[in-house]
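Student: Sequence first, then the predicted structure, then my questions.
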Number of protein chains: 2
Amino acid sequence: MTKKGIDLIEKEFKEYVKKISAYNEALALIFWDLRTGAPKKGVEQRSEVIGVLSSEVFNMSTSKEMESFIAELSMEPLSETTNKMVQVCKKDFERNKKIPANEYKEFVILQSRSESAWEEAREKADFSLFQPYLEQIVAYTRRFVEYWGYEGTKYNTLLDMYEPGMTVDVLDSVFSELRSRIVPLVKQIATSEHRPETGFLYKEFPKEKQHQLNLEILKQLGYDFKAGRLDETVHPFEIRINRGDARVTTRYDENDFRGAIFGTIHECGHAIYEQNIANELTGTLLDSGTSMGIHESQSLFFENFIGRNHSFWKNKFSLLKEYASEQFNDVTLDEFYRGINESKPSFIRIEADELTYPLHIMIRYELEKALFNGELEVKDLPGVWNEKYKDYLGIVPENDAMGVLQDVHWADGSFGYFPSYALGYMYAAQIKQAMLKDLPDFDGLLEAGDIAPIREWLNEKIHKYGKTKKPLEILKETTGEGLNVQYLIKYLEDKYKEVYKIK
Amino acid sequence: MTKKGIDLIEKEFKEYVKKISAYNEALALIFWDLRTGAPKKGVEQRSEVIGVLSSEVFNMSTSKEMESFIAELSMEPLSETTNKMVQVCKKDFERNKKIPANEYKEFVILQSRSESAWEEAREKADFSLFQPYLEQIVAYTRRFVEYWGYEGTKYNTLLDMYEPGMTVDVLDSVFSELRSRIVPLVKQIATSEHRPETGFLYKEFPKEKQHQLNLEILKQLGYDFKAGRLDETVHPFEIRINRGDARVTTRYDENDFRGAIFGTIHECGHAIYEQNIANELTGTLLDSGTSMGIHESQSLFFENFIGRNHSFWKNKFSLLKEYASEQFNDVTLDEFYRGINESKPSFIRIEADELTYPLHIMIRYELEKALFNGELEVKDLPGVWNEKYKDYLGIVPENDAMGVLQDVHWADGSFGYFPSYALGYMYAAQIKQAMLKDLPDFDGLLEAGDIAPIREWLNEKIHKYGKTKKPLEILKETTGEGLNVQYLIKYLEDKYKEVYKIK
């Protein structure tokens, strides 16, 4: 092909991708709106709009035009960005093209029905209402895996969707190591005599004051309010609409301020990732976080390694007291720090503490793996769920709403997603360790309230690349090694032995 | 064509239209978001999204596919809804098809640049900053009119875009009649000795209390909060996203509560129209108000014929006092009524009172007519504007921000739009007169706070039809006659003679 011919095709390809990107942006805004206050009566029609725009994205990503862009541009030496764009589109094309269009459409419809069924089932704590939908969702997904093909085990194909390159072999190994070290620690804590005071956590903290505090903390962490906003929702989330518009939400409990503040700090980590992706990636499909795992590493870095750090609160404790009026007046910084780092087995994943959180993920991982590798059926999920909670955490949920029905992920077919949370946690610990080489006085920075060097380090090493680097590439370049669970284990052991005064 | 063939084409046509409708819905949500709090840094990229979606709508409305739908379905006996859909699409097709695609694209880009230039010019009160953009906008619009063709005068083509069927002949006649009766009344008022007390209007009314009052008033008027929401914006507006989602906004001035409350009631009228369009019109492009004029008739009906009515306040005065604390304690209902109905010449259209408002519109109408019928150039606009304000209202703006630069309409090329406001006002007065035949005790209903029969009457006669009836058809069927300016004249004369005690 002549240079001129290729230049023209490249230009057309970029225009084509910009259009896909525009539809995605419109969809993101619709999702944000649906969760932040869209009037009920408009929702049904809005679902039609989602259907039209999603189908358009699906159709464009599998079109003959896309096919020929990929064929013509894959062979040519182009700019690095264009190469990555072609790679991303090729992956999507190959994955989507294998699904018959009518099955994709049926699946999209099933997803929304299944989510409604799940909502009702969870409300009534009755798995049987959800079971038939989940069975269909699993059946479709199993069929899709057959279409897509797999290497090693079938579940690998699902893992790869959220964390490119991740496999059951890797996860089995790190999870087993992690589990073997966490479970004994959880048991030691259960019998420790040095339990933190926690009564002060549950005193009344008015919503409006919490809101003001959360805004201030976001500002101090470097969340850019010119490129985002904070709203209140039932389930907190971060959503990237474009790189200049990464919105966060939180939820206020007047009798436990922790949900809002740590939720906000968590979502802030996601948003700061998106807000700092290089401007030139706008509209290329490369202008968002590279994977769920790396994304979660940023949110957990902020939530845990910054937000639950002693030095951070040494700096922020007086600010907290300002907004909270009397609640912490008789509490020392150390008591506060130990209080917010209490660890105990609990039923609900999103409310779990740092130490037990990975166990919640491992349970889900094992169930998903068994479901897709042919060792478990949907009807047996509630029973096996409860057994595993007994086994890993020593507790049994009293009903399915507290158990197998608690998360929305399976209802919309997001199998393979959960492990990203634990991966992100391991990545975060590993990244923190690497950061210490450049910023050895990490704690001193937090104590001085000087977050900028930390944020800029993350911008430079991770954020700015968007999807131009794969997750394991980022990990390797940033930390000098592949996934290594030891950093997280050391962090948890050091921290919790100190909090619980375990020798 | 066989019946079966036509059925299939009709089905495909409806799917096609549903898709256009979905894009329009996404665009409407984007516009709402841009005005209610979208972060600044996301705006540039969002403009790209608007460009992509608008072009898609333009392309679909002028495509070969659309051409053949129209050709094949125009000749066949179909359901009334399908017939109307075809008519609406045909009108769009014929209008859009005549504009070369590249000129349309240039014009869209020019519009957004021109709006920015206008904003700066208004801020600096310097018409020269805006003039070159406005000259281009006018040049494009003049060329479009040539493409579109015209009957009678060129300006007719622009009028028809907002008010199908409206012509310069009709407007010249009603405006001249209206002007000949309003101007003497304005002069009588200027010399009246019976001036209303107005000091109490400007006392401090805290924003949060105003917000609560506005929510309550919306509720009592029958605004459906399950199909809408109230937000705060710099410029109040109503926007229909779909018929189950018609949002309103308002603006609070702590030293003049009128702006918010009357603005809210006005937007409520627009929203109640959209919320009550028949469900079966969803996704047909017929599921919104039939014209700007009829739309404005509904907002002005609510704002003036309900919201500035003595009986309405007889019912709501105690509610107002509840929210306003002390402000009205020493004010009688009659004083209040006269106060909110003060009339005096002023510069800013959107702040004008009921009586002088039509004069602001007539000035704009005459300028637009002269611009497009070749009797005026852009550079002469400020001078002629000021002359007309002197002539009609006896006042001369001290700068162009208070004068020719005050409205955004011309900046984005909305020529022919202004007359809709005055038409809507005339329609509203005429509709009110017709309503009295069915609801002779209109004032009694307001006094009892019983808005439902009034709202239902409007639902039944106007709202439910959406775009299935043309504006003049609605007017004729509802009032039994064509446009008749006498009802508005009588209303204004009766009301203002009473307020100002003119014999």
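Tutor: Received, thanks.

Student: For the rest of this, base every contact and every neighbour count on C-alpha atoms.
Tutor: OK.

Student: and A:I241, that one's in a strand?
Tutor: Yes - residue state for A:I241 (DSSP: H, G, I helix; E, B strand; the rest coil) corresponds to a strand.

Student: Share the number of residues neighbouring it, please.
Tutor: 26 (other CA atoms under 10 Å in any protein chain shown).

Student: For the stretch 201-350 of chain A, what lies in contact range of chain B?
Tutor: Residues of the stretch 201-350 of chain A that fall close to chain B, judged by CA under 8 Å from any CA of the partner chain: A:F225, A:K226, A:A227, A:G228, A:R229, A:I241, A:N242, A:R243, A:G244, A:D245, A:T282.

Student: from the residues you listed, which two are the most distant?
Tutor: Greatest spacing in these, by CA to CA: A:R229 and A:T282 (19.9 Å).

Student: what's near enough to touch the residue nearest the centre of chain A?
Tutor: Centroid-nearest residue in chain A: A:E296, 4.4 Å away (criterion: CA atoms, centre = their mean). Applying CA atoms under 8 Å, 6 or more residues apart in numbering or on different chains, we find A:E296 in contact with A:H270, A:S420, A:Y421, A:L423, A:G424, A:Y425.

Student: out of the residues of the stretch 201-350 of chain A next to chain B, which are buried?
Tutor: A:F225, A:A227, A:G228, A:R229, A:I241, A:N242, A:R243, A:G244, A:D245, A:T282 (16 or more other CA atoms under 10 Å in any protein chain shown).

Student: could you dump the residues you listed to CSV with pLDDT?
Tutor: Shown next, in CSV, are these (pLDDT from 0 to 100):
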residue, pLDDT
A:F225, 98
A:A227, 98
A:G228, 98
A:R229, 98
A:I241, 97
A:N242, 96
A:R243, 93
A:G244, 96
A:D245, 97
A:T282, 95
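
Student: Give me the subset of the residues you listed that lies in strands.
Tutor: Using DSSP state E, the members of those that fall in strands are A:I241, A:N242, A:D245.

Student: Give me the distance between the second one and A:H295.
Tutor: Going back to what we said before, that points to A:N242. For A:N242, the distance to A:H295 equals 15 Å [CA to CA, to the nearest Å].

Student: May I have the residues that are in contact with the residue of the stretch 301-450 of chain A found nearest chain B?
Tutor: Here the residue of the stretch 301-450 of chain A nearest chain B is A:Y323; by CA to the nearest CA that distance is 21.2 Å. Contact analysis of A:Y323 by CA under 8 Å, 6+ apart lists A:K209, A:Q210, A:Q212, A:L213.

Student: out of these, which are buried?
Tutor: A:Q210, A:L213.

Student: got any ranges where chain A has weak pLDDT?
Tutor: Applying pLDDT under 70 to chain A flags residues A:1, A:4.

Student: one step back: can you tell me which of the buried ones among the residues of the stretch 201-350 of chain A next to chain B lies nearest to B:G263?
Tutor: For these, the nearest to B:G263 is A:R229 (26.6 Å; CA to CA).

Student: Show me which residues of the stretch 51-200 of chain A sit near chain B.
Tutor: So far as CA under 8 Å from any CA goes, the stretch 51-200 of chain A lies against chain B at A:V52, A:L53.

Student: Stretch A:496-503: how far from the chain's middle?
Tutor: 29 Å (CA atoms, centre = their mean, to the nearest Å).

Student: Stretch A:176-195 too?
Tutor: 25 Å.

Student: buried ones in it?
Tutor: Buried residues in stretch A:176-195, counted by 16+ other CA under 10 Å: A:L178, A:R179, A:R181, A:I182, A:V183, A:L185, A:V186, A:I189, A:R195.

Student: right, and the last one touches A:I502 too?
Tutor: If I follow you right, that is A:R195. No - using CA atoms under 8 Å, A:R195 is not in contact with A:I502; the gap is 10.9 Å.

Student: for the top helix by length along chain A, packing partners?
Tutor: If you go by DSSP state H, chain A has its longest helix at helix A:3-36. Applying 3 or more CA pairs under 8 Å, 6 or more residues apart in numbering or on different chains; DSSP states H and E, one finds that helix A:3-36 contacts helix A:43-61, helix A:64-74, strand A:238-242, helix B:3-36, helix B:43-61.

Student: Please list the outside residues in contact with the second one.
Tutor: So that's helix A:64-74. A:I6, A:I9, A:E10, A:F13, A:M60, A:N83, A:V86, A:C89, A:K90, A:F93.

Student: Next, the angle from it to helix A:43-61.
Tutor: 40 degrees (axes from the mean of the first three to the mean of the last three CA atoms, to 10 degrees).

Student: tell me the domain ranges of chain A?
Tutor: Here the domain assignment for chain A is A:3-142, A:168-374+A:385-392+A:411-499, based on automatic domain parsing.

Student: which one of the ones you listed is the most hemmed in?
Tutor: Comparing the domains of chain A by mean neighbour count (mean count of other CA atoms under 10 Å in any protein chain shown), domain A:168-374+A:385-392+A:411-499 comes out on top with a mean of 19.
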